[in-house]
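Novice: based on what follows, work out the 3D shape:
(2 chains)
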Amino acid sequence: EVQLVESGGGVVQPGGSLRLSCAASGFTFSAYGMHWVRQAPGKGLVWVSRIRSDGRSTTNYADSVKGRFTISRDNAKNTVYLQMNSLGAEDTGVYYCTRDLYDTAIDHWGQGILVTVSS
Amino acid sequence: QSALTQPASVSGSPGQSITISCTGTSSDVGGYNFVSWYQQHPGKAPKLMIYDVSNRPSGVPDRFSGSKSGNTASLTISGLQAEDEADFYCSSYTSSSTWVFGGGTKVTVL
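Specialist: Numbers count the residues shown, from 1 in each chain, chains lettered A, B, ... in the order given. Down below sits the predicted model:
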């Protein structure tokens, strides 16, 4: 069974940093791309970032986080990370760790982790 | 990276069919057959319902079907059931090698 378990969320002050982790199990982690998707309270889904499973771990970012967020992976630990810097109130929300399907969709979602940016 | 356009709400009676539209541009929906649909019940993580415009993952009832014409994709739910009441989101791959979601549609079963 595919499992994605996020950790590292919490309350952070504006301008601060946070690193989310996602521990994956139940599949060959190194063979799959991984995405982060977020959802502000009461709002819709917003794609954040993707890291591929290719040898270069190619990354892509939404314009709203480019230059502030960094996605990375450790295949030895079956873990994907999201380093978030210069956080603002607009970054508040539930962050979902997700698994890529054929580079075209997302087929598995974690339970989500709440990030709150507030003073 | 503007969000794809979905109606805010769609409703139908049990047994009826409803269709949710998802409009983008030639840089996303219209340019690729990489449209997917997700169902989200309150307080739960989303679930993949359709990928690559019209493919259903294993376990998704065949009451759910997808299609696309030009820059607009559609999700049809046939034989609407009470458990189908949820929020639905479309998503598309884009020419910038990113993904974009729609604003979401709340489906109400009357």
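
Novice: contacts, neighbours, all on C-alpha from now
Specialist: OK.

Novice: give me the sheet partners of the biggest strand by length in chain B and which way each runs.
Specialist: Once chain B is assigned using DSSP state E, the strand that runs over the most residues is strand B:86-93. Here strand B:86-93 has these sheet partners by DSSP bridges: strand B:35-40 (antiparallel), strand B:99-101 (antiparallel), strand B:105-109 (antiparallel).

Novice: could you identify the helix or strand that succeeds the longest one?
Specialist: Spelled out, it's strand B:35-40. Helices and strands here follow DSSP states H and E; after strand B:35-40, the next one along the chain is strand B:47-50.

Novice: do any residues in that next one lie close to chain A?
Specialist: Yes: counting by CA under 8 Å from any CA of the partner chain, contacts between strand B:47-50 and chain A involve B:47, B:48.

Novice: which residue is the nearest non-sequential neighbour of residue A:10?
Specialist: In space, residue A:10 comes closest to residue A:115 once its chain neighbours are excluded; the distance is 5.0 Å by CA to CA, 6 or more residues apart in numbering or on different chains.

Novice: ditto for residue B:26
Specialist: Nearest non-adjacent residue to residue B:26 (CA to CA, 6+ apart): residue B:71, at 6.1 Å.

Novice: quick one: name the residues of chain B near chain A.
Specialist: Residues of chain B found near chain A, taking CA under 8 Å from any CA as the criterion, are B:1, B:34-36, B:44-48, B:51-52, B:89, B:91-93, B:97-104.

Novice: out of those, which are buried?
Specialist: Listed as buried from the residues of chain B next to chain A are B:34-36, B:45-48, B:51-52, B:89, B:91-93, B:98-104; burial here means 16 or more other CA atoms under 10 Å in any protein chain shown.

Novice: if we can go back for a sec, okay, the residue nearest to residue A:10: pLDDT?
Specialist: pLDDT for residue A:115: 98.

Novice: next: residue B:67.
Specialist: Residue B:67 carries a pLDDT score of 98 in this model.

Novice: CA atoms only: put the helix or strand harbouring it into CSV for me.
Specialist: Assignment of secondary structure by DSSP H and E places residue B:67 within strand B:64-69. What follows is strand B:64-69 as a C-alpha-only set of coordinates in CSV (Å, rounded to 0.1, in the frame of the first residue of the first chain):
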residue,chain,number,x,y,z
PHE,B,64,-17.2,8.8,-13.9
SER,B,65,-16.0,9.8,-17.4
GLY,B,66,-13.9,12.5,-18.9
SER,B,67,-13.6,14.2,-22.3
LYS,B,68,-12.0,17.2,-23.9
SER,B,69,-12.8,19.5,-26.8
